[in-house]
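# Just to be clear, the model below is a prediction. Sequence and coordinates:
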Amino acid sequence: MNHAVDYAVDPIVENVRGALLAAGLPDSVIVVPDSVATAAAAAAVLGCDVGAIANSLIFECGGEPLLILASGAAKVDTKKVAREHGLPKISRATPDFVIEHAGQGVGGVAPLGHPSPIRTFLDTDLLEFPLLWAGAGSHQAMLSISYRDLLETTGATETAVR
């Protein structure tokens, strides 16, 4: 099924496309007519399990950004993640903090294509799915990627998030 639509070129989405290609991965970005700003909405539009959506969640940890790539079916236990990895308190980031560090807005954050590298954790629950979907820089763009490619391109640390 083809979900792609014609759209005005979005420089943030194009940056994500470029990051995929620079990582040696295919351009798997699609743009859809409806908002895919939540895991449930994305799963409905894409016709996949909500658990196969890799939410790119930016948190603030010790004044620095922290990216947790979590299954759309998971509620991240930030206290557990902090404790298991010896981190200070992990707090929800403000929208401005997300834009400053990810270069992308909340609801469309991609796992890559940020202005500078962000420490990243990858939810091991995502191993269950052969194909993952993640935001691609806007509320209407998604990219598909395997768990292994997501792990390698982000330099993430694998962890249980719940």
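Right, received. Where do you want to start?

# residue nearest the centroid of the chain?
Centroid check for the chain by CA atoms, centre = their mean gives residue 56 as the closest residue, at 2.8 Å.

# is it true that that one lies in a helix?
No. Looking at residue 56 with DSSP: H, G, I helix; E, B strand; the rest coil, it is strand, so not inside a helix.

# my guess is it meets residue 111, correct?
Yes. In this structure, residue 56 is within contact of residue 111 by CB atoms under 8 Å, at 5.1 Å. No exception for glycine: its C-beta is placed from N, CA and C like everyone else's.

# At which residues are the strands of this structure located?
Under the criterion DSSP state E, the chain contains strands at 29-31, 53-61, 64-71, 90-92, 119-123, 132-135, 141-145, 157-159.

# neighbouring contacts of the longest helix anywhere in the chain?
Scanning the chain for the helix with the most residues, using DSSP state H, yields helix 11-22. In this structure, residues lying in contact with helix 11-22 by CB atoms under 8 Å, 6 or more residues apart in numbering are 26-29, 31, 103-104, 108, 110, 112-113, 136-138, 141, 143, 153.

# Would you mind checking these for buried ones?
Using 16 or more other CB atoms under 10 Å as the burial test, the contacts of helix 11-22 include 28-29, 31, 103-104, 108, 110, 112-113, 136-138, 141, 143, 153 as buried.

# what's the closest of the residues you listed to residue 159?
Using CB to CB, residue 153 is the member of these that sits closest to residue 159, with 17.1 Å.

# In contact with the residue nearest to the closest one when sequence neighbours are not counted, which residues?
Spatially, and ignoring its direct neighbours in sequence, residue 153 is nearest to residue 23 (4.4 Å; CB to CB, 6 or more residues apart in numbering). Neighbour list for residue 23: 112, 149, 153 [criterion: CB under 8 Å, 6+ apart].

# picking that back up, format the strands of the chain as TSV; extra columns: distance to residue 19 and mean pLDDT.
Shown next, in TSV, are the strands of the chain (distance: least, CB to CB, whole Å; pLDDT from 0 to 100):
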stretch	distance to residue 19	mean pLDDT
strand 29-31	10	95
strand 53-61	13	98
strand 64-71	14	98
strand 90-92	25	97
strand 119-123	13	98
strand 132-135	12	98
strand 141-145	10	97
strand 157-159	20	98
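
# Now that we have the ones you listed, can you turn them into CSV and tack on distance to residue 78?
As requested, the strands of the chain are exported to CSV (distance: least, CB to CB, whole Å):
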stretch, distance to residue 78
strand 29-31, 29
strand 53-61, 7
strand 64-71, 8
strand 90-92, 4
strand 119-123, 10
strand 132-135, 20
strand 141-145, 24
strand 157-159, 12
